[in-house]
Every structure is written in structure tokens, then in C-alpha cells.
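# predicted structure and sequence below. I'll ask about it afterward.
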Amino acid sequence: MRLPEPPRLMQPKTTVRRSWLDGELADRLADGGSTELLERATADFERFVAERRGVRQLWGVPTTVLWYVSGPHYLGELVIRHELTPALTETGGHLGYGIATPWRGQGHGTRMLGAGLAECRRLGLHRVLLTCDAGNTASRRVILANGGEPDGRVDGEDRFWITIPPEP
């Protein structure tokens, strides 16, 4: 499918309702995971979106959730944890991201993470930690393409650090 405009990171918004729900359903069909989030969003999407906007406390740290969007199309989500806790240093790190199943394999993850690093710079982060499941080769490629430097493995999670250069 051709996108109407270049995708960009933005605060979650209600205008991508249909695309978000379709993407989440495709993800659950692909991975067999819990449908609880999908059910909550289906019941009241406006509330679901409102709960994701702005800086919130999640995992014990200030957290920003951004969606990767092109027009009416939701492509993925990026989560920025502004700080690390000891637990986040082992699994999770500063950034988490996912591309909706219908949009995978098209370079969106690499571009979304690159845009997310610019957001991290804006938040004052200069070096960020990312982790991914040791078997997740797609995520590993995305992280490496954005300058990730391997830093070992903890509990089945590969660790990477990315240094964010100052703005030119």
C-alpha cells in the first residue's frame, strides 16, 4: 500500500482508530498474545488514546509514548523511558518499539527508531540503552542500523547502547 505522506512520530491520536485496531488484531493473530489491550481500545478508543498521551509514569520512570503515523495509517509505536531503573538496565532499556504486522519488513522500524533518537536528544538523552530478545533478528538489524553497539546479553536479552550525537 502506498502511504499518503512520509510517516512521522506523533502523540497518539484518535484519527487512526481503524488502522490501530486492524494492526493490533494482526499482531495478536501473528503472535497469539493477549487481546486485553485490543478489547480495551475497541470499547473506548478515545479514552485509550488519552491514556497514552503526554509524559506518564510507567515502569517507575517518566515515559513518553509516540505513534508512527502516515495520514490515517498507524504503523507502529515507540516508547521512550526518560530514565533507567536497575530492572530497565537488564531488560527494556530506554526505548521500546514495535511495527504493526501489516507494515513490517518495509524499513519502517529503522526509520521510526531514527526519529525516536531525535526525540531522545530533544529530551536531553545522549546515550540510550535498547534490548531485544536474542532471537529477534529483525529488531537487532534495526538497532544496529541506528548505531547500536552490542553490550552482551542478560537473561536472553541482547543489550545495545546508542550514542546520540548533538544536533549539527
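Received it, and whenever you're ready, just let me know what you need.
# kindly check the end-to-end length of stretch 42-60 for me.
With Cα to Cα, to the nearest Å as the measure, stretch 42-60 spans 27 Å from end to end.
# buried ones in it?
By 16 or more other Cβ atoms under 10 Å, the buried positions in stretch 42-60 come out as 45, 48-49, 52. C-betas here are computed from N, CA, C, even on glycine.
# now do stretch 158-168
Result for stretch 158-168 [16+ other Cβ under 10 Å]: buried residues 158-162, 164.
# ok, Leu117 - contacts?
128, 146, 162, 164 (Cβ atoms under 8 Å, 6 or more residues apart in numbering).
# so it sits in a helix?
Yes: the assignment for Leu117 by DSSP: H, G, I helix; E, B strand; the rest coil puts it in a helix.
# can you pull out the helices in the chain?
For the chain, the helices defined by DSSP state H cover 17-31, 36-43, 45-50, 86-90, 108-122, 137-145.
# format the contacts of Leu117 as CSV; extra columns: distance to Ser34 and pLDDT.
Formatted as CSV, the contacts of Leu117 follow (distance: Cβ to Cβ, whole Å; pLDDT from 0 to 100):
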residue, distance to Ser34, pLDDT
Val128, 28, 98
Asn146, 29, 98
Ile162, 30, 98
Ile164, 33, 96
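# please save the CA atoms from stretch 10-24 in CSV.
Taking C-alpha atoms only, stretch 10-24 is exported to CSV below (Å, rounded to 0.1, in the frame of the first residue of the first chain):
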residue,chain,number,x,y,z
MET,A,10,3.5,12.0,17.0
GLN,A,11,1.4,11.8,20.1
PRO,A,12,-1.3,9.1,19.9
LYS,A,13,-4.4,10.3,18.1
THR,A,14,-7.9,9.1,17.5
THR,A,15,-8.0,9.6,13.8
VAL,A,16,-6.0,6.3,13.2
ARG,A,17,-8.6,4.2,15.1
ARG,A,18,-9.4,1.7,12.4
SER,A,19,-5.7,1.3,11.4
TRP,A,20,-4.6,0.8,15.0
LEU,A,21,-7.3,-1.7,15.7
ASP,A,22,-6.5,-3.6,12.5
GLY,A,23,-2.8,-3.6,13.3
GLU,A,24,-3.3,-4.8,16.9
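# what residues does that stretch touch?
Stretch 10-24 is contacted by residues 37-38, 41-42, 45-46, 49, 52-54, 65-67, 69, 72-75, 100-103 when judged by Cβ under 8 Å, 6+ apart.
# if we use 6 Å, what do you get?
38, 45-46, 49, 52-53, 67, 69, 72-74, 100 (Cβ atoms under 6 Å, 6 or more residues apart in numbering).
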